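Novice: sequence first, then the predicted structure:
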Amino acid sequence: MKTLLSLCVLFFSSSLIAQDIIGTAWIFYEKDGDKKVILFEDDGTFIYQNLKSKSGNEGKVFGDENETWKQDGDLVIISFNDGYKLLPLRINKSGNKMSGIGANEEGVVDEVEAFKIK
């Protein structure tokens with residue numbers, strides 16, 4: 001009985017901590033002013049649309065096998081353009097916000113907050 005109770009506690013506590021992001025859409029706000037929407041696909045890839053972008057790619061949609069993500073509990077690691085930019089984020093306990101600091105290969109660092117929209 002004690003083992004069963006321990007398993008139930010472990011299962012329910014881990015399900016409360018880790019919010020699965022497969023099939024969800026999030027709006028991302030970067031400290032540099034960029035804004036994008038990301039949709040996390042079930043195959044570990046994602047597609048995104050730049051809503052506001054310093055690079056001039058506003059309105060453009062990107063996404064192929066070079067845009068990938070992984071989740072381990074409340075940690076989500078997003079890899080843009082085959083690792084050119086890596087973004088490790090933590091999901092809050094409510095499962096509706098992610099935040100963290102990422103960097104690209106050139107060393108440009110950016111703070112990011114993301115909010116679940118779907």
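Specialist: Yep, it's here. Residues are numbered from 1 along each chain as shown.
Novice: what's the helix or strand for the most centrally placed residue in the chain?
Specialist: In the chain, the C-alpha nearest the mean C-alpha coordinate belongs to residue 76, at 5.2 Å (C-alpha atoms, centre = their mean). Per DSSP states H and E, residue 76 falls inside strand 75-80.
Novice: quick one: strands adjacent to that strand?
Specialist: On the basis of DSSP bridges, the sheet neighbours of strand 75-80 come out as strand 68-72 (antiparallel), strand 85-91 (antiparallel).
Novice: so where's the protein shaky on pLDDT?
Specialist: Within the chain, the segments meeting pLDDT under 70 span 1-18.
Novice: at 80 what do you get?
Specialist: 1-19, 118 (pLDDT under 80).
Novice: circling back to that earlier point, could I get the strands paired with strand 75-80 as JSON lines with mean neighbour count and distance to residue 49?
Specialist: For the C-beta atoms, the positions are set from N, CA and C on the backbone; glycine is no exception. Listed next are the strands paired with strand 75-80 as JSON lines, based on neighbours: other C-beta atoms under 10 Å; distance: least, C-beta to C-beta, whole Å:
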{"stretch": "strand 68-72", "mean neighbour count": "15", "distance to residue 49": "16"}
{"stretch": "strand 85-91", "mean neighbour count": "18", "distance to residue 49": "16"}
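Novice: which of the ones you listed sits closest to residue 53?
Specialist: Nearest to residue 53, of all these, is strand 85-91, at 12.9 Å by C-beta to C-beta.
Novice: mind saving the C-alpha coords of the closest one as CSV?
Specialist: Extracted in CSV, the C-alpha atoms of strand 85-91 (Å, rounded to 0.1, in the frame of the first residue of the first chain):
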residue,chain,number,x,y,z
LYS,A,85,20.1,30.0,-31.6
LEU,A,86,19.4,28.0,-28.5
LEU,A,87,16.7,29.0,-26.1
PRO,A,88,16.4,27.1,-22.8
LEU,A,89,13.1,28.0,-21.0
ARG,A,90,11.3,27.0,-17.8
ILE,A,91,7.6,26.5,-17.8
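Novice: ok, then the element right after it?
Specialist: Downstream of strand 85-91, the next assigned helix or strand under DSSP H and E is strand 97-104.
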